[in-house]
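A.B. asks: would you be able to build a 3D model of this:
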Amino acid sequence: MKYFFFFIISAFLFTSCSVSKSNYNPNKKFSPLELKEDLSLARNILEKKHPSLYWYTPKDSMNLCFDSLYTSIKDSMTELQFGWNILAPLTSRIRCGHTSFGMSKGWNEFIKDRRIPSFPLYMKVWSDTMVVSVNLNRKDSLIKRGTLITSVNGIKNKDLISKMFKYMPLDGYADNVSYVRLSSNFPFFHRNIFGIYKNYRVGYIDSTGIEKTTLLPMYVQEIDTTKKKKKIVLPKKSRVQRMLERRESFRSLTIDTTENTATIYLSTFSKGEGKRLRAFFRQSFKKIRKEKVKNVILDLRSNGGGDIGMYILLTKYLRKTPFKVADSTYAVTKTLKPYSKYFKQRFINNLGLFISTKKKKDGNYHFGYWERHFFYPKTKNHFNGKLYVLINGPTFSASTLFCNAVKGQDNVVLAGEETGGGWHGNSGIFIPDITLPHTHLRLRIPLFRLVQYNHVPKDGSGIPPEMYVPPTVDAVKNIVDRKMMIVKEMIRTKKG
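C.D. replies: All right, here's what the predicted structure looks like:
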């Protein structure tokens, strides 16, 4: 039996905290009129302010999508139903990775620390392959890490993945990012797209290579009320320790002197790192020069982008020739009016559009600085050795601009999988949220279209690696970082 929104009720039953003082009600139903008004507002804003609404989906197809979703609203819906049944398919159809929907602040506060039933398996997903990485029902000895899953509730892998992709935003057709999303939290996406079942019929390949099926119960995190657990008091960390650990989670440098190799992990170009990233780059490349390191592995596999200035700075240390950010960068509007009141940080975004753009003959408002200005390589602490850049689906936005800037350079190898960020270009720079007045759901909308410097033709792909390293069943089973392992082995081989 299917419990499509059973988990809404379950949130009250399986919880570690009391009901929010805000009296937020996740089961509140919005009338068809309210839902249609929210959708119509979203459509108007997208059509008038989004620079790439028809970049990959023709206008007549987008109109058909809007109209179809509008007419499908026949009954009242909760916030969650409206988000996943209407806004998720809409934003996916646009094929812009920076256009997505988010739940309301009330929902996010309500759901925090709640124990919600879910599909019991985390899985690594690629192509039409699904391999178990974690079984939340730990007492189940049948489905272990490394088990190949062939179907869920009678839906074969290929069809299951294809359907779930229709609820995820992406740049063009660079769907590798969606494989990684499913891999990072398959239970979350399955729950919101298909709902919750008391039991799941799961197809799998057993140890002899024979396909079988089994019934797996939904996972519910239990609260142990039978035993009083002894509270473990951990040593209190100082503010400085906490700050350093937080920074390490964003970026780090390690140097293996025996292999003459430095590994830089960089998960963001975020403005939040600001001057600290500047200092990190300066100190890292100074240390690499002083220790005469000949090989650098730059891990951008979790880098979703951030501040363009930070990607430019990193590129200056690694690219050999001058470069620009873009061949073309423009907005289709110079103001958020008449919809300003729905935008977060409307004053800053309106001011930015007004100051930074100028209308050109094509009728668009161009951010001329990024189109005209050349940036030059650093002479001090510039790295000229061998650079290996690890990439995959979450390599996005500003990190894709970096990959485009260094790709093809004689000392650079991109290794891993295709980036999720578009190779031809993407939309971003200013990416404010709008809040819909009735449901309070949020839409993230980019205001500029950016076409990469020395851009390739627009085919919707991400940036491909020179050295393709796909996932394997054995790597998942044995918890092996195959991309890093292969690159390090290549360095050892060349050294030998």
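
A.B. asks: need the three-state assignment for the most centrally placed residue in the chain.
C.D. replies: Residue closest to the mean C-alpha point of the chain, counted by CA atoms, centre = their mean, is P394 at 5.3 Å. Classification of P394 by DSSP: H, G, I helix; E, B strand; the rest coil places it in coil.

A.B. asks: same question for P464.
C.D. replies: On the basis of three-state DSSP, P464 is classed as coil.

A.B. asks: could you do H438 as well?
C.D. replies: coil.

A.B. asks: what's around it, how many residues?
C.D. replies: The burial count assigned to H438 is 17, neighbours taken as other CB atoms under 10 Å. Yep, even glycine has a C-beta here, placed from its N, CA and C like the rest.

A.B. asks: then E109?
C.D. replies: 14.

A.B. asks: what does N411 give?
C.D. replies: N411 - counted by other CB under 10 Å - has 14 other residues nearby.

A.B. asks: swap in R114?
C.D. replies: 17.

A.B. asks: in the sheet, who's paired with it?
C.D. replies: With DSSP bridges as the criterion, R114 is bridged to T15.

A.B. asks: that one and P26, how far apart?
C.D. replies: Remark: distance between R114 and P26 (CB to CB, to the nearest Å) = 10 Å.

A.B. asks: what's the answer for F402, then?
C.D. replies: Distance, F402 to P26, by CB to CB: 40 Å.

A.B. asks: which of the two has more residues huddled nearby?
C.D. replies: Remark: of F402 and P26, F402 carries more neighbours, 29 against 21, as counted by other CB under 10 Å.

A.B. asks: contacting residues for the more buried one?
C.D. replies: 300, 311, 314-315 (CB atoms under 8 Å, 6 or more residues apart in numbering).

A.B. asks: ok, of these, which one's closest to I491?
C.D. replies: Nearest to I491 among those, counting by CB to CB, is L300 at 17.7 Å.

A.B. asks: what's that closest one sitting at in phi/psi?
C.D. replies: phi -110, psi 20 (degrees, to the nearest 10).

A.B. asks: I figured it hits S397, correct?
C.D. replies: No - the criterion here is CB atoms under 8 Å, and L300 misses it with S397 at 11.0 Å.

A.B. asks: about what we covered before: enumerate every residue touching the residue nearest to the centre of the chain.
C.D. replies: Here P394 is in contact with 177, 180, 301-304, 420 (CB under 8 Å, 6+ apart).

A.B. asks: which one among those gets closest to F188?
C.D. replies: Using CB to CB, the contacts of P394 come closest to F188 at V180, 13.4 Å.

A.B. asks: what's near enough to touch that closest one?
C.D. replies: Contacts for V180 (CB under 8 Å, 6+ apart) come out as 392-394, 420.

A.B. asks: quickly find the element holding it.
C.D. replies: helix 176-184 (DSSP states H and E).

A.B. asks: could you point out which element follows that helix?
C.D. replies: Taking DSSP H and E, what comes next after helix 176-184 is helix 186-194.

A.B. asks: quick one: that following helix to helix 176-184, angle?
C.D. replies: 110 degrees (axes from the mean of the first three to the mean of the last three CA atoms, to 10 degrees).

A.B. asks: what comes up buried for helix 186-194?
C.D. replies: Neighbour-count burial for helix 186-194 flags 186-187, 189-194 (criterion: 16 or more other CB atoms under 10 Å).

A.B. asks: what are the pairing partners of whatever helix or strand comes next after that helix, and which direction each?
C.D. replies: The first helix or strand that comes after helix 186-194 along the chain, using DSSP H and E, is strand 196-197. Counting by DSSP bridges, the strands paired with strand 196-197 are strand 2-3 (antiparallel).

A.B. asks: the partner strand - what's its average pLDDT?
C.D. replies: For strand 2-3, the mean per-residue pLDDT is 44.

A.B. asks: got it, and stretch 415-431?
C.D. replies: Computed over stretch 415-431, the average pLDDT equals 95.

A.B. asks: now the end-to-end length of it.
C.D. replies: Using CA to CA, to the nearest Å, the gap from the first to the last residue of stretch 415-431 comes to 29 Å.

A.B. asks: now do that stretch: distance to the chain's middle.
C.D. replies: 11 Å (CA atoms, centre = their mean, to the nearest Å).

A.B. asks: next, the buried residues of that stretch.
C.D. replies: For stretch 415-431, using 16+ other CB under 10 Å, the buried residues are 415-431.

A.B. asks: next one: stretch 281-300
C.D. replies: Neighbour-count burial for stretch 281-300 [16+ other CB under 10 Å]: 281, 284-285, 288, 293-300.

A.B. asks: so what touches it?
C.D. replies: Applying CB under 8 Å, 6+ apart, the set of residues contacting stretch 281-300 is 253, 255, 257, 259-266, 313-314, 317-318, 381-383, 385-391, 395, 399, 402-403, 484, 487-488, 491.

A.B. asks: swap in 6 Å and give it another go.
C.D. replies: If you take CB atoms under 6 Å, 6 or more residues apart in numbering as the criterion, stretch 281-300 is touched by 253, 260-265, 313-314, 317, 381, 383, 385-391, 395, 399, 487, 491.

A.B. asks: kindly check the end-to-end length of it for me.
C.D. replies: Stretch 281-300 has an end-to-end distance of 14 Å (CA to CA).

A.B. asks: helix or strand with the lowest mean pLDDT in this protein?
C.D. replies: Lowest mean confidence among the helices and strands of the chain (mean pLDDT, DSSP states H and E): helix 6-13, at a mean of 41.

A.B. asks: then the helix or strand encompassing L314 to CSV, C-alphas only?
C.D. replies: Here L314, judged by DSSP H and E, is contained in helix 308-318. What follows is helix 308-318, C-alpha atoms only, in CSV (Å, rounded to 0.1, in the frame of the first residue of the first chain):
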residue,chain,number,x,y,z
ILE,A,308,33.9,34.8,-9.8
GLY,A,309,36.8,36.8,-8.4
MET,A,310,38.1,33.7,-6.5
TYR,A,311,38.1,31.5,-9.6
ILE,A,312,40.0,34.2,-11.4
LEU,A,313,42.6,34.4,-8.7
LEU,A,314,43.2,30.6,-8.7
THR,A,315,43.4,30.7,-12.5
LYS,A,316,46.1,33.3,-12.4
TYR,A,317,48.3,30.9,-10.4
LEU,A,318,47.8,28.1,-13.0
